[in-house]
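Student: Give me coordinates for this.
(one chain, ligands or ions: 1)
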Amino acid sequence: MQAAYDVVIIGTGLAGLTTALRLADERRVLLVDKQLLGEGASDRAQGGIAAPLDSGDSVEAHIRDTLAAGAGLCDESATRFIVGHGVQAVHWLIEQGVAFTSDSTNPLGFHLTREGGHSCRRIFHIADSTGHAIQQTLGYKVRTHPNITLLERHMAIDLILQNGRCVGVYVQAVQSGPISAIAAGNVVLANGGAGKVYLYTTNPDSATGDGVAMPWRAGCRIANMEFIQFHPTCLYHPYAKSFLISEAVRGEGGLLKLPPSAGADAGLRFMPEHDSRAELAPRDIVARSIDFEMKRRGLDFVHLDVTHLGADFLHEHFPTISARCLEFGIDITREPIPVVPAAHYTCGGVVTDTAGHTDVPGLYAAGEVACTGFHGANRLASNSLLECVVFGQAVAAEILEHSTPPIVPVRPWDDSRVRDSDEDVVIAHNWDELRRCMWNYVGIVRTTKWLERARRRIGMLREEINEYYASFHVTRDLLELRNLVDVAALIVDSALARHESRGLHYSLDWPQTLAKAMPTIIEPRTTQRPASSSRWP
Ligand SMILES: Cc1cc2nc3c(=O)[nH]c(=O)nc-3n(C[C@H](O)[C@H](O)[C@H](O)COP(=O)(O)OP(=O)(O)OC[C@H]3O[C@@H](n4cnc5c(N)ncnc54)[C@H](O)[C@@H]3O)c2cc1C
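Tutor: Presented below is the predicted three-dimensional model:
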């Protein structure tokens with residue numbers, strides 16, 4: 001018999017877990033994840049979650065800071081909605097058992113930190129592993145709830161549409177197992193960002209933009225994909241996948257210098273040349289400066305030097321970073337850390353309203369996958385976990401307000417016309433080529449010529465990948481590559497459509513910022529798919 005649920009949620013990050021827990025007392029929920037629960041970006045969040053609870057703070061101040069960071073592009077009503085629910089979101093997490101770091105000297109009882117762009121202390125945290133602690137607490141509740149079925153290591157492939165409504169989803173046991181068609185009253189996309197489209201990223205392996213590519217193929221609008229936030233310092237090492245070197249390292253006196261491959265300039269501090277605040281300039285300026293030096297000099301990385309801070313200080317303040325670097329043979333008390341900027345956060349995504357509706361009836365989105373208008377052209381630190389909780393709750397409330405739509409039988413997956421691939425190496429090569437192309441031509445600094453070059457290459461890759469998809473049995477690698485190439489094309493098209501520099505999008509050909517800020521919205525193309533095959537939504 002075909003599996004059927006009131007609600008299928010794709011993704012077990014903070015957005016997915018929040019949605020599931022809010023729904024589960026009244027609905028049968030299936031929670032699907034292609035990895036294990038706790039392996040998404042939510043688990044990696046170090047800083048914390050922003051909410052205006054402190055006595056010296058206010059909703060208006062938090063809104064002001066968010067709008068300023070968003071460089072004129074935040075949707076003010078979405079921002080008011082999310083920040084306005086911030087206090088309630090933190091209380092809800094506390095009710096679930098999340099133990100934020102306490103501070104007996106603060107009348108609130110909690111220790112709050114302040115991060116770049118926030119006008120006061122408003123970040124609730126759990127030491128320096130906030131995301132992990134929250135995921136552990138909510139994860140336990142999800143696993144023990146009788147109305148929630150958790151399906152780990154199962155990848156959602158595509159949404160199933162009938163008469164324009166989303167009625168289910170195709171799901172494959174990872175890596176290349178059987179494919180099930182699961183029927184659902186409603187489907188919620190909570191499957192995170194798209195950092196893996198770039199060669200260097202702080203994101204987990206799961207961040208392949210599936211939650212943007214799937215709804216786009218299904219007919220949803222996608223917005224603001226040109227706004228990719230880059231973190232300035234990610235460890236550069238062939239075996240260190242996406243290890244973030246916290247901005248606090250520069251805050252404590254870490255210096256950015258040119259590596260030996262810069263020849264006569266080796267060891268030179270370059271940030272003072274770019275900004276009077278040098279290493280303490282905002283994140284996007286530091287990332288852009290590093291990128292500039294790397295491209296200008298043909299460098300693979302730059303150095304972050306902390307040796308002058310002394311071993312005792314480094315071990316006391318940065319125990320995790322010291323230990324992790326040492327695992328890769330880098331003793332940060334004696335030698336500089338090789339770093340590169342890395343894709344960190346996808347500000348754009350599938351267009352939703354404040355109840356999480358997408359353009360397709362029956363399909364909702366919450367978390368990094370969605371473009372609610374909250375982040376505008378640049379995300380304010382610690383606002384994304386907040387958005388996950390507020391939108392997870394909003395989507396659940398909207399679903400609960402209506403009775404579950406009739407669950408209809410869905411077409412099984414049809415694999416009859418395809419065969420086993422005999423050249424899997426093509427997938428690995430295309431993954432690499434795509435990520436390099438995005439890094440080289442669609443990175444932190446862009447030009448129209450580079451973007452057009454990227455568009456041509458991505459077009460060719462896309463053709464090859466779609467042909468591969470149409471001919472062979474699918475695997476997780478192939479499905480992710482297919483999603484990545486769609487997302488890459490959306491980023492390039494969005495960047496080419498913006499004739500200005502704003503927030504995270506910086507073009508040498510369009511350096512000015514226009515007076516009127518407009519979102520970039522990509523309309524779905526009309527897909528020409530063989531109607532008989534269930535492979536095509
Ligand atoms: C290193 C790092 C530090 C950060 N620090 C902070 C911070 O301090 N504060 C803050 O507010 N934000 C922070 N962020 C951003 C924040 O963590 C994320 O934006 C947020 O956690 C996203 O949550 P999510 O639920 O939308 O997605 P995720 O937590 O990424 O979860 C998505 C899940 O969906 C699954 N998935 C994806 N595709 C599929 C598919 N096709 N089928 C099935 N499952 C799928 C993935 O495996 C994953 O488990 C940080 C991000 C990173 C990478």
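
Student: show me where the stretch 101-250 of the chain has strands.
Tutor: 112-113, 123-124, 148-151, 154-162, 165-173, 179-189, 222-223, 228-235 (DSSP state E, counting those that start in this stretch).

Student: Kindly reformat the ones you listed as CSV containing mean pLDDT.
Tutor: What follows is the strands of the stretch 101-250 of the chain, written out as CSV (pLDDT from 0 to 100):
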stretch, mean pLDDT
strand 112-113, 88
strand 123-124, 93
strand 148-151, 98
strand 154-162, 98
strand 165-173, 98
strand 179-189, 98
strand 222-223, 98
strand 228-235, 94
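
Student: Those: which one's closest to the ligand?
Tutor: Among the strands of the stretch 101-250 of the chain, strand 154-162 comes nearest to the ligand, with 3.7 Å by C-beta to the nearest ligand atom. To be clear about C-beta, it is placed using only N, CA and C from the backbone, and glycine gets the same treatment.

Student: Give me the buried stretch members for the closest one, please.
Tutor: 154-161 (16 or more other C-beta atoms under 10 Å).

Student: same question, stretch 326-345
Tutor: Buried positions in stretch 326-345, judged by neighbour count with 16+ other C-beta under 10 Å: 330, 332-333, 336-345.

Student: Output those residues as TSV; include the columns distance to the ligand, pLDDT and secondary structure.
Tutor: TSV is the format used below for the buried residues of stretch 326-345 (distance: C-beta to the nearest ligand atom, whole Å; pLDDT from 0 to 100; DSSP: H, G, I helix; E, B strand; the rest coil):
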residue	distance to the ligand	pLDDT	secondary structure
I330	19	97	coil
I332	19	96	coil
T333	24	97	coil
P336	22	97	coil
I337	16	97	strand
P338	18	97	strand
V339	14	96	strand
V340	15	94	strand
P341	13	95	strand
A342	9	96	strand
A343	9	97	strand
H344	6	96	strand
Y345	6	97	strand
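
Student: Pipe those into JSON lines and attach distance to V83 per row.
Tutor: Converted to JSON lines, these look like this (distance: C-beta to C-beta, whole Å):
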{"residue": "I330", "distance to V83": "40"}
{"residue": "I332", "distance to V83": "38"}
{"residue": "T333", "distance to V83": "42"}
{"residue": "P336", "distance to V83": "40"}
{"residue": "I337", "distance to V83": "36"}
{"residue": "P338", "distance to V83": "38"}
{"residue": "V339", "distance to V83": "33"}
{"residue": "V340", "distance to V83": "33"}
{"residue": "P341", "distance to V83": "28"}
{"residue": "A342", "distance to V83": "28"}
{"residue": "A343", "distance to V83": "26"}
{"residue": "H344", "distance to V83": "22"}
{"residue": "Y345", "distance to V83": "18"}
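
Student: What is the nearest of those to G86?
Tutor: Y345 (18.6 Å; C-beta to C-beta).

Student: so what's that closest one up against?
Tutor: Applying C-beta atoms under 8 Å, 6 or more residues apart in numbering, one finds that Y345 lies in contact with 193, 195, 228-229, 368, 375, 379, 384.

Student: Name whatever forms a beta bridge with it.
Tutor: Beta-bridge pairing of Y345, defined through DSSP bridges, involves Q229.

Student: Does the residue nearest to I427 when sequence neighbours are not counted belong to a helix, a strand or coil?
Tutor: Nearest residue to I427, sequence neighbours excluded (C-beta to C-beta, 6 or more residues apart in numbering): D477, at 5.1 Å. The local conformation at D477, judged by DSSP: H, G, I helix; E, B strand; the rest coil, is helix.

Student: on that earlier part again, any chance of the strands of the stretch 101-250 of the chain in JSON lines with distance to the ligand as columns?
Tutor: Output for those, formatted as JSON lines (distance: least, C-beta to the nearest ligand atom, whole Å):
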{"stretch": "strand 112-113", "distance to the ligand": "10"}
{"stretch": "strand 123-124", "distance to the ligand": "8"}
{"stretch": "strand 148-151", "distance to the ligand": "9"}
{"stretch": "strand 154-162", "distance to the ligand": "4"}
{"stretch": "strand 165-173", "distance to the ligand": "7"}
{"stretch": "strand 179-189", "distance to the ligand": "9"}
{"stretch": "strand 222-223", "distance to the ligand": "16"}
{"stretch": "strand 228-235", "distance to the ligand": "8"}
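
Student: Any chance of a markdown table for those, columns distance to P406?
Tutor: Listed next are the strands of the stretch 101-250 of the chain as a markdown table, based on distance: least, C-beta to C-beta, whole Å:
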| stretch | distance to P406 |
| --- | --- |
| strand 112-113 | 47 |
| strand 123-124 | 41 |
| strand 148-151 | 20 |
| strand 154-162 | 11 |
| strand 165-173 | 9 |
| strand 179-189 | 8 |
| strand 222-223 | 29 |
| strand 228-235 | 40 |
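
Student: I figured P52 was touching S58, is that so?
Tutor: Yes: P52 lies in contact with S58 (C-beta atoms under 8 Å); the separation is 5.8 Å.

Student: Check what contacts the helix or strand bottoming out on mean pLDDT in the chain and list those residues.
Tutor: In the chain, no helix or strand scores lower on mean pLDDT, DSSP states H and E than helix 248-251, which sits at a mean of 84. Contacts with helix 248-251, where a contact means C-beta under 8 Å, 6+ apart, come from 232-233, 256, 279-280, 286, 304, 306, 317-318, 321.

Student: hmm, that helix in reach of the ligand?
Tutor: No: Helix 248-251 stays clear of the ligand (C-beta under 6 Å from any ligand atom), getting no nearer than 11.8 Å.

Student: all strands for the stretch 301-450 of the chain, in order.
Tutor: With strands called from DSSP E, counting those that start in this stretch, the stretch 301-450 of the chain shows them at 302-305, 337-346, 349-351, 363-365, 370-371.

Student: got these as a markdown table, with distance to E467 columns?
Tutor: Shown next, in a markdown table, are those (distance: least, C-beta to C-beta, whole Å):
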| stretch | distance to E467 |
| --- | --- |
| strand 302-305 | 40 |
| strand 337-346 | 27 |
| strand 349-351 | 26 |
| strand 363-365 | 28 |
| strand 370-371 | 30 |
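
Student: follow-up on the earlier one: and the contacts of Y345, which two are the farthest apart?
Tutor: Going by C-beta to C-beta, the pair spanning the contacts of Y345 furthest: G195 and H375, at 14.7 Å.

Student: Of the two, which one has the most company?
Tutor: H375 (32 against 28; other C-beta atoms under 10 Å).

Student: Of all residues in the stretch 301-450 of the chain, which one is closest to the ligand?
Tutor: G367 (2.4 Å).

Student: right, and out of the contacts of Y345, which lies closest to C74?
Tutor: For the contacts of Y345, the nearest to C74 is H375 (7.0 Å; C-beta to C-beta).

Student: Filter the contacts of helix 248-251 down to the buried ones and hand me the PyMOL line.
Tutor: Burial among the contacts of helix 248-251 is assessed by 16+ other C-beta under 10 Å; the matching PyMOL selection reads:
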select buried, resi 232+233+256+279+286+304+306+318+321
